[in-house]
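Trainee: Below is the sequence, then the predicted model.
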2 protein chains.
Amino acid sequence: MLFFSVNTVLNQSILLFYSLQLHFFVYIHPMYRLLTYDNDARRGEVTTSHGTFQTPAFMPVGTSGAVKALTCEDLEEAGAEIILGNTYHLYLRPGMEIIKAQGGLAKFNSWHKPTLTDSGGFQVFSLQDISRVTDDGVEFKSHYDGSRHMFTPERVMEIQHAIGADIIMAFDQCVSYPADYETAERGVQRTTNWAKLCHEYHQMAEQENSRQSLFGIIQGSTYKELRTRSAHEIIELDLPGYAIGGLSVGESKQEMEEMLAHTIQYLPKDKPRYLMGVGYPEDILMAVSYGVDMFDCVLPTRNARTGNVFTSEGQMTYRNAEYANDDRPLDLHCDCRVCRRYSRAYIRHLYNQSEITGMVLATYHSTYFYQKLMRDIRKAIEEHRFESFRKEFLRRYHQE
Amino acid sequence: MLFFSVNTVLNQSILLFYSLQLHFFVYIHPMYRLLTYDNDARRGEVTTSHGTFQTPAFMPVGTSGAVKALTCEDLEEAGAEIILGNTYHLYLRPGMEIIKAQGGLAKFNSWHKPTLTDSGGFQVFSLQDISRVTDDGVEFKSHYDGSRHMFTPERVMEIQHAIGADIIMAFDQCVSYPADYETAERGVQRTTNWAKLCHEYHQMAEQENSRQSLFGIIQGSTYKELRTRSAHEIIELDLPGYAIGGLSVGESKQEMEEMLAHTIQYLPKDKPRYLMGVGYPEDILMAVSYGVDMFDCVLPTRNARTGNVFTSEGQMTYRNAEYANDDRPLDLHCDCRVCRRYSRAYIRHLYNQSEITGMVLATYHSTYFYQKLMRDIRKAIEEHRFESFRKEFLRRYHQE
């Protein structure tokens, strides 16, 4: 009897313990769940108020609220589970007022799955027409009408709150490549200060914005010690996710890998890791091997519109004359809707005639190709054969 | 026993008679089947080697082999059963050699339902850069590269044979509006002579082209006696279908209706009647009431790309500022994929950003709207309530 009673108490304690732990877990890690791993490659999922997406994930870029040439139905069919919107573009057009009045971006563009908005930092720092950069923020001219605007950490938070994406990014200074040490260091300082201000602003935000998760961005150009410093300072804010920014901006692939390998060691294992603006399939595979969970890049969509698609046998410039009479699909090993029905000859013809349909078909294929790559990566990690998958994929991709 | 025997012979004769009649019917009317009618409005179907389409039918225009901004899947989903290709454009790009090598247009563009190609006459006569028009044909410069080309009846047949559409059109001279009597008369003469040459060429064509049906075109501008003459001369060729050309080229709606009403009385009831280049929903309803079976027009697709869609409450210039914050669908009474998901505010925003996705969404809606109109027309004729349907449609369409 006594034995039984103790056992019951023990059981209850264990239940209580698990329940507290679960609550604790849900509370401070509202988003990331690590499912399994294969060496450093991670297979997880991220839950947002618009549902869960599987990681490693690739986010198609929907600059103005739409992934160029695709509908939401296309994206869903291609397997995209999260898309990215550009804060800079959405802020200028249609503007916060309209997006707010329409109930936020998800209601406005009818994409009902998760969305992430970038900080606008990359765009404003890439602008030719920056008027002034100070420790407070950036003054710039709209590329639409030349009107003057100012991005500060608080303003960028305010805008991203209005847009209402599930994941929002802290305002950062992305220095161009190559950057001298002083410039890179000033970038890191500003990025840290701005992240703190973003975090404070976001913590004081309205209840309705509490479902939005703020990710911090680590900068530092190609200087390991600056990367270390930036990582420490940003992670100290205890945000629900971290991005590595300032890569894929012109540095060599070797430098990119070195910086990634160096930086990622500081990132907590229980939060999603996002490598911004990357990239080529081989870069994604490299980064996944170090434990990156999220990616975005305009490559598949932009290239598709200009005559080049990604295939299992490498990039293919389908606009080339050699495909004028080629009745094979864009990708011989692809089972997407476009590859099952249309030929290279036809899609090349449409490209030459500037037919919108051609851009739609090519964009669909490349978007599908990237999503299929991510599905294959996830499966390979689950089955603990990521490195052999990577090797096999690259062997075919590079036609070796 | 004798009685039984006679009866058997009779039965066999009847069977033989029906079987002969059927054969006869199949032979000289390979295409049109009249299902029912409502006053002069006809409900039928046309069978081609790529299947059957229901009439009255509207053919979306796929100038270069694709309906601009749509995929074949979009067209199928919107309910299109036949599309039109432009001989002039396909001849210049990608050219007969490629289309031939790819097994014809249907294999090239993967549209597996029926296709009709126009004669190229409308395009070459609309060109600014016509070098020479003679009784033999038209010499013109390519709008792509200025190269010189000649369209003759035989050449146009040869091209349409290479393209391989199910329905092909005789080469005609479409005079511009207004035309003096002499010009119009010369147009009729040439159109008749050319139709004869086309017919002869087509009859001598390869076995593989025998599945293509040649339609004749009736011209005559706005002169009733020329229309009568053209109708008689073209119908004498006993072709499997007839088109009324040279309307919707600038004349008033009243003139169009008068010419249509006058011309259609000469057309045989057992063959499809095609009113070329028409038109607005109200024009289609008018023409159906006189017994027209087939239509084509760039209006729904071209307008959609430039900011205007067709809705059950009339045309709507969705690019207008008044829709900037309008969360309602393009058409309040439409059940298409676009209207079920996207708002005016969003599609207008995409238009303003020159986003391809916006053109895709608007084009899809207007294409669906036209196909839905044709489905509703067909149902109304079947239920012998076409005039009340027309009245009710126009009441809402004109917001009366």
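Mentor: Perfect, I can see it now. Numbering: from 1, shown residues only, chains lettered A, B, ... in the order given.

Trainee: all strands for the stretch 301-400 of chain A, in order.
Mentor: A:309-311, A:314-316 (DSSP state E, counting those that start in this stretch).

Trainee: Columns distance to residue A:44, mean pLDDT and mean neighbour count on top of those, output as JSON lines?
Mentor: For every residue, glycine as well, the C-beta is placed using N, CA and C. Supplementary listing: the strands of the stretch 301-400 of chain A in JSON lines, determined by distance: least, C-beta to C-beta, whole Å; pLDDT from 0 to 100; neighbours: other C-beta atoms under 10 Å in any protein chain shown:
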{"stretch": "strand A:309-311", "distance to residue A:44": "25", "mean pLDDT": "98", "mean neighbour count": "24"}
{"stretch": "strand A:314-316", "distance to residue A:44": "29", "mean pLDDT": "98", "mean neighbour count": "16"}
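
Trainee: what about the ones you listed, which gets the closest to residue A:94?
Mentor: strand A:309-311 (30.5 Å; C-beta to C-beta).

Trainee: What distance do you get for residue A:123 to residue A:149?
Mentor: Distance of residue A:123 to residue A:149, given as C-beta to C-beta, to the nearest Å: 11 Å.

Trainee: Neighbour count for those two, which is higher?
Mentor: residue A:123 (20 against 16; other C-beta atoms under 10 Å in any protein chain shown).

Trainee: wait, that one sits on residue A:90?
Mentor: No - applying C-beta atoms under 8 Å as the test, residue A:123 and residue A:90 come out as separate, 10.7 Å apart.

Trainee: residue ranges with poor pLDDT in chain A?
Mentor: Applying pLDDT under 70 to chain A flags the ranges A:1-30.

Trainee: What are the structural domain limits within it?
Mentor: A:36-297, A:306-400 (automatic domain parsing).

Trainee: Would you reformat the ones you listed as TSV and include distance to residue B:61?
Mentor: Listed next are the domains of chain A as TSV, based on distance: least, C-beta to C-beta, whole Å:
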stretch	distance to residue B:61
domain A:36-297	21
domain A:306-400	13
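
Trainee: okay if I get the ones you listed as a markdown table plus distance to chain B?
Mentor: Shown next, in a markdown table, are the domains of chain A (distance: least, C-beta to the nearest C-beta, whole Å):
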| stretch | distance to chain B |
| --- | --- |
| domain A:36-297 | 4 |
| domain A:306-400 | 4 |
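
Trainee: circling back: I'd like the strands of the stretch 301-400 of chain A as JSON lines, with distance to residue A:190 appended.
Mentor: Converted to JSON lines, these look like this (distance: least, C-beta to C-beta, whole Å):
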{"stretch": "strand A:309-311", "distance to residue A:190": "35"}
{"stretch": "strand A:314-316", "distance to residue A:190": "36"}
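
Trainee: what's the closest non-adjacent residue to residue A:153?
Mentor: residue A:197 (3.8 Å; C-beta to C-beta, 6 or more residues apart in numbering or on different chains).

Trainee: swap in residue A:247?
Mentor: residue A:256 (5.1 Å).

Trainee: Regarding that neighbour, what is its secondary structure?
Mentor: helix (DSSP: H, G, I helix; E, B strand; the rest coil).

Trainee: List the residues that contact residue A:253.
Mentor: A:282-283, A:286 (C-beta atoms under 8 Å, 6 or more residues apart in numbering or on different chains).

Trainee: any idea how far residue A:90 is from residue A:84?
Mentor: From residue A:90 to residue A:84 the distance is 11 Å (C-beta to C-beta).

Trainee: and the residue nearest to residue A:247, what is it in contact with?
Mentor: A:247-248, A:278, A:283.

Trainee: Can you give the contact residues for stretch A:180-191?
Mentor: A:135, A:170, A:172-175, A:179, A:217-223, A:226, A:229-230, A:233-234, A:245-246.

Trainee: hmm, try it at 6 Å
Mentor: A:172-173, A:175, A:219-221, A:223, A:226, A:230 (C-beta atoms under 6 Å, 6 or more residues apart in numbering or on different chains).

Trainee: can the residues you listed go into a markdown table with extra columns for neighbour count and secondary structure?
Mentor: Shown next, in a markdown table, are the contacts of stretch A:180-191 (neighbours: other C-beta atoms under 10 Å in any protein chain shown; DSSP: H, G, I helix; E, B strand; the rest coil):
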| residue | neighbour count | secondary structure |
| --- | --- | --- |
| A:172 | 32 | coil |
| A:173 | 28 | coil |
| A:175 | 24 | coil |
| A:219 | 32 | coil |
| A:220 | 27 | coil |
| A:221 | 26 | coil |
| A:223 | 19 | coil |
| A:226 | 24 | helix |
| A:230 | 31 | helix |
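
Trainee: For residue A:66, give its distance to residue A:78.
Mentor: 14 Å.

Trainee: Just want to know which of those two has more residues nearby.
Mentor: The neighbour count for residue A:66 versus residue A:78, taken as other C-beta under 10 Å, is higher for residue A:66 (28 against 23).

Trainee: Ends of stretch A:325-334, what's the gap?
Mentor: From its first residue to its last, stretch A:325-334 covers 20 Å (C-alpha to C-alpha, to the nearest Å).
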